[in-house]
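Colleague: Turn this into a model:
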Amino acid sequence: MFRASALVRLSRASLVRCVASLPLRALAARNRAFVPRPILPPVPVLARTFATERSPLEDKFTKDMAGEDVEAMMREIEEQQTGGSKSAKTFTPPPSNETPVGEASKHEFQTETQKILNIVASSLYTEKEVFVRELISNCSDAMEKLRHLQVGGTAITDPEAPLEVTIYTDDANRTLTIQDSGVGMSRDELVANLGRIGHSGSAEFIKKLTDMNQTQDRAAIIGQFGVGFYSAFMVGDKVTVYSRSAHEGSPGYVWESDGSGSYTIREAQNVARGTKIVIHLKTSCREFSDRKTIENIVKKYSNFVGVPIRLNGDIVNTVKALWMMSKDRVTDQEHEEFYQFIAKAYDKPFYRLHYSTDSPINVRALLYFPSQHMEKYGMGRLEPGVSLFCRKVLIQSKARGLLPEWLRFVKGVVDSEDLSLNISREMLQDSALVGKLSTVLTKRILKYLDDEAKRDKKKYEQWFQDFGTFLKEGACTDYKYKEDIAKLLRMESSNAEEELTSLDKYIERMKSGQNEIYYLCVPSRQLAQDSPYYEGFKTKGLEVLFLYSSVDEFVMSHLAEYKGKKMVSAEAAKIENDTTETSPESDKTTESLSDKQVDELTTWMRESLSDKLTTVRQTKRLVSSPAVIVDHESAAFRKMMKFMDPNRAAALPKQQLEINPKHPIIVKLHRAHLAQPNLAKAVAEQVLDNALVAAGLIDDSRAMLPRLSKLLELSLEIPHDIAPIESTQNFAKKTVE
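Modeller: Coordinates of the predicted model:
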């Protein structure tokens, strides 16, 4: 721990560097609200922090430092802690050249304007920061109007002045200045646009507010009344506006108000073409005089405005609005950079869809399909990845409802000029229009993926391996698009081991007279090929889709059918083996149980295992397996229910068992059930458990271990009349002889 005596020998710069290494925290400065500041306690406290006891030398240090400019030191420390440039932190806006002349005329706000002003300032916007977006949007509109004047041949003031938005932050004077070089306003336009609501319907709007239930959201019914300018009063206790109409020879004016009910207008000299708004910030809103704060807000909402935005001399909106450009003018590098910017990602987009249409709704969209996602690693559910813009101004970031939930992996932007917005641009008013926009985009995405799957099969299959889960979710949850989604699904097939197939390809290969699409849900291909449920299909040469994810069973269940073909699980299909093919085990014997023997065995098994079976009968569907469970509940559904509530998992119900009368185990079991009933029962129980395993219905396979151990012991028992075999070699020799 440092002692204060050491601090006395430190220079001011050294002290700043020392304290700058400490963490940040909120500190109340003199006569200021709480704002994020570096730790800089009063100097006496600082001295005690570095010393364990006080001394006369420490008292001298305290007195010497007490007169230091703590505020200046705090700014220096913050600069070093945040890594910001000193020039950015100490930027001084250029002096104001505007000079008011003549007498000011005082005007009262219209009654409805005053009411709206109060609403805007107190409760209309959910986030105060959006006032920057509103004012920049007004600036952009003003410059667009100027372009129309120029195209029409109207003579304008200072035609060579660049079209741009200029912003200055002044932390020392607690002001924020936003200026444009657009069309500007005359005296009458200042009165019309700033002294009253510029659009019609004001009285009706006020009446609706008055008639509304107080518990309702007042912003919910507000249309486009053009009140973005008034948002400045959310953060400012006084607003000064300098404006000069672009029409040649127009004078400049200054408009000023504290929002209390009146405003003044007077003529001013040295006013540049366009409009300059100076907001004198409230003490509680001082953060909006900070350069970094304003830069973040500009990049969040107005980064794609079509004119340069200069903040304290630097252009901050450097990313192009690629979605408004022609496809052939955008390079792959620009797409990659834009995707990483808009998605806050580091990978490259796997696919991209650059789409525009004016019918049935105006849409400009640039959508990206990522190369990877974190949801598959259990990192939480993805948020919607598409942001909604109107004329390049952000309306909703990560807009919910713009695309179906199962398309949440898509990143990008959608821009529409047809959007009907509420007064604060924070709520979409026309749900029917949003629904139409969602339909247009979703159909276009599905068509794009289908086209890509046809164009490059291998590339699409690579993408599907990572993102197919989202499509499967859509097939289960979105009835409207399930047919289109089903077309995009890919899965393995019994006919093709090294490639995926689609439902369309399966239908093309179906045998004449086949009206069902067969599928089998198993953990792996090997288990599918060894499954007793596949044996009958293999014998008949019927193709079966192999599905390896537990969600696949829900997908097939929700699809139910595709292009008139029913989805049928191989476990539930009524397939019988009408050929003479036998298993390798049955090749060793031609013995098979007669109908009478089958009746004897099935009756005994049903009685011996009455707590587990309801029915036992013979089947012709099996070739290599001794038995199979039929008409059972879904294994995937059972696992899901157990996962949702492990403590209330339902007990396994009684099952229906079908046996293969030609299988050696079943033939020998019939003999054993009379001669060795205890052994026979153990074998019968194991045959049943094996069938349950094949059906995926065993909750815990460890329960069968004691029985398996007993059966192994019995199978290794050596009759007493056989002499012990001395060695494997002698045993082999005797066997040969």
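Colleague: which stretches of the stretch 251-400 of the chain form helices?
Modeller: Secondary structure of the stretch 251-400 of the chain, counting by DSSP state H, counting those that start in this stretch: helices at 291-301, 332-343.
Colleague: For G236, find the nearest of those helices.
Modeller: helix 291-301 (13.9 Å; Cβ to Cβ). (C-beta placed from N, C-alpha, C; glycine too.)
Colleague: Please produce JSON lines containing the helices of the stretch 251-400 of the chain, extended by mean neighbour count and mean pLDDT.
Modeller: Below are these laid out as JSON lines (neighbours: other Cβ atoms under 10 Å; pLDDT from 0 to 100):
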{"stretch": "helix 291-301", "mean neighbour count": "18", "mean pLDDT": "94"}
{"stretch": "helix 332-343", "mean neighbour count": "16", "mean pLDDT": "94"}
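Colleague: Just tell me which of those ends up closest to E508.
Modeller: E508 lies closest to helix 332-343 among these, at 35.7 Å (Cβ to Cβ).
Colleague: hmm, back to that, need the helices of the stretch 251-400 of the chain in TSV with distance to V410, can you?
Modeller: Below are these laid out as TSV (distance: least, Cβ to Cβ, whole Å):
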stretch	distance to V410
helix 291-301	20
helix 332-343	10
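Colleague: Show me the one of those that comes nearest S531.
Modeller: Across the helices of the stretch 251-400 of the chain, closest to S531 is helix 332-343 (Cβ to Cβ), at 42.2 Å.
Colleague: now for the closest one, which elements pack on it?
Modeller: The contact analysis (3 or more Cβ pairs under 8 Å, 6 or more residues apart in numbering; DSSP states H and E) places helix 332-343 against strand 363-369, strand 411-415.
Colleague: what does it contact?
Modeller: The contact list for helix 332-343 (Cβ atoms under 8 Å, 6 or more residues apart in numbering) reads 319-320, 322, 345-346, 348-349, 352, 366, 368, 370, 385, 387, 411-413.
Colleague: Of those, just the buried ones, ChimeraX syntax please.
Modeller: Buried subset of the contacts of helix 332-343, written as a ChimeraX selection, criterion 16 or more other Cβ atoms under 10 Å:
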select :320,322,345,349,352,366,368,370,385,387,411,412,413
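Colleague: quick check: mean pLDDT across the strand or helix carrying I119?
Modeller: I119 belongs to helix 111-119 when assigned by DSSP states H and E. Averaged over helix 111-119, pLDDT sits at 69.
Colleague: next structured bit after that helix?
Modeller: Criterion used, DSSP H and E; the element after helix 111-119 is helix 130-151.
Colleague: out of the helices of the stretch 251-400 of the chain, which comes closest to E189?
Modeller: helix 291-301 (25.9 Å).
Colleague: Give me the contacts around that closest one.
Modeller: Residues contacting helix 291-301 (Cβ under 8 Å, 6+ apart): 82, 84, 88-89, 91, 129-130, 132-133, 136, 167, 169, 176, 287-288, 309, 311-312, 316-317, 393-394, 397.
Colleague: Repeat that for stretch 651-658.
Modeller: Stretch 651-658 has contacts (Cβ under 8 Å, 6+ apart) with 605, 611-619, 621-622, 627-633, 688, 691-692, 697, 699.
Colleague: State the mean pLDDT of that stretch.
Modeller: Stretch 651-658 carries an average pLDDT of 88.
Colleague: Low-confidence stretches in the stretch 501-650 of the chain?
Modeller: Confidence mapping of the stretch 501-650 of the chain against pLDDT under 70 gives the ranges 577-590, 636, 640-644, 646-650.
Colleague: which residues in it form helices?
Modeller: 503-509, 525-530, 532-540, 550-559, 595-608, 635-644.
Colleague: Rebuild the ones you listed as TSV, extending it with distance to G401 and mean neighbour count.
Modeller: Compiled in TSV, those are given as follows (distance: least, Cβ to Cβ, whole Å; neighbours: other Cβ atoms under 10 Å):
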stretch	distance to G401	mean neighbour count
helix 503-509	29	15
helix 525-530	40	15
helix 532-540	42	21
helix 550-559	22	20
helix 595-608	56	16
helix 635-644	27	14
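Colleague: mind checking which of the ones you listed is nearest K472?
Modeller: Nearest to K472, of those and by Cβ to Cβ, is helix 550-559 at 4.8 Å.
Colleague: Of the helices of the stretch 501-650 of the chain, which is nearest V101?
Modeller: helix 550-559 (75.0 Å).
Colleague: Residues contacting the closest one, please?
Modeller: 469, 472-473, 475-476, 482, 486, 489, 491, 519, 521, 547, 567, 569, 634-637, 639-640.
Colleague: same check, this time on stretch 100-108
Modeller: Contacts to stretch 100-108, defined as Cβ under 8 Å, 6+ apart, come from residues 191, 195, 254, 256, 261-269.
Colleague: related to what we said a few turns ago, from the contacts of stretch 651-658, list just the buried residues.
Modeller: 605, 612-613, 616, 618-619, 621-622, 627-630, 632, 688, 691-692, 697.
Colleague: Might one say that I629 is in contact with L697?
Modeller: Yes - using Cβ atoms under 8 Å, I629 is in contact with L697, at 6.8 Å.
Colleague: before we move on, the earlier item: just the buried ones from the contacts of helix 291-301, in PyMOL syntax?
Modeller: A single PyMOL command suffices to select whichever of these are buried according to 16+ other Cβ under 10 Å:
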select buried, resi 88+89+91+129+130+132+133+136+167+169+176+287+288+309+311+312+316+317+393+394
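Colleague: Which members of the contacts of stretch 651-658 occur in strands, if any?
Modeller: Per DSSP state E, strands hold the following members of the contacts of stretch 651-658: L613, T614, T615, V616, R617, Q618, A627, V628, I629, V630.
Colleague: so who does the fifth one touch?
Modeller: For R617, the set of contacting residues under the criterion of Cβ under 8 Å, 6+ apart consists of T602, Q656, L657, E658, I659.
Colleague: List the beta-bridge partners for the fourth one.
Modeller: Translated: E658. R617, V628 (DSSP bridges).
Colleague: residues near it, how many?
Modeller: Neighbour count of E658, defined by other Cβ atoms under 10 Å: 21.
Colleague: The last one too?
Modeller: I659 is flanked by 27 other residues according to other Cβ under 10 Å.
Colleague: which residues sit in contact with the nearest residue to it once chain neighbours are set aside?
Modeller: What sits nearest to I659 in space, not counting adjacent residues and going by Cβ to Cβ, 6 or more residues apart in numbering, is A627, at 4.8 Å. By Cβ under 8 Å, 6+ apart, A627 lies in contact with P532, L657, E658, I659, N660, I666, V687, L688, N690, A691.
Colleague: redo that, cut-off 10 Å
Modeller: 532, 605, 616, 618-619, 657-660, 663, 665-666, 669, 684, 687-688, 690-692, 694 (Cβ atoms under 10 Å, 6 or more residues apart in numbering).
Colleague: go on, A680?
Modeller: Contacts for A680 (Cβ under 10 Å, 6+ apart) come out as L601, W604, M605, S608, K668, L669, H670, R671, A672, H673, L674.
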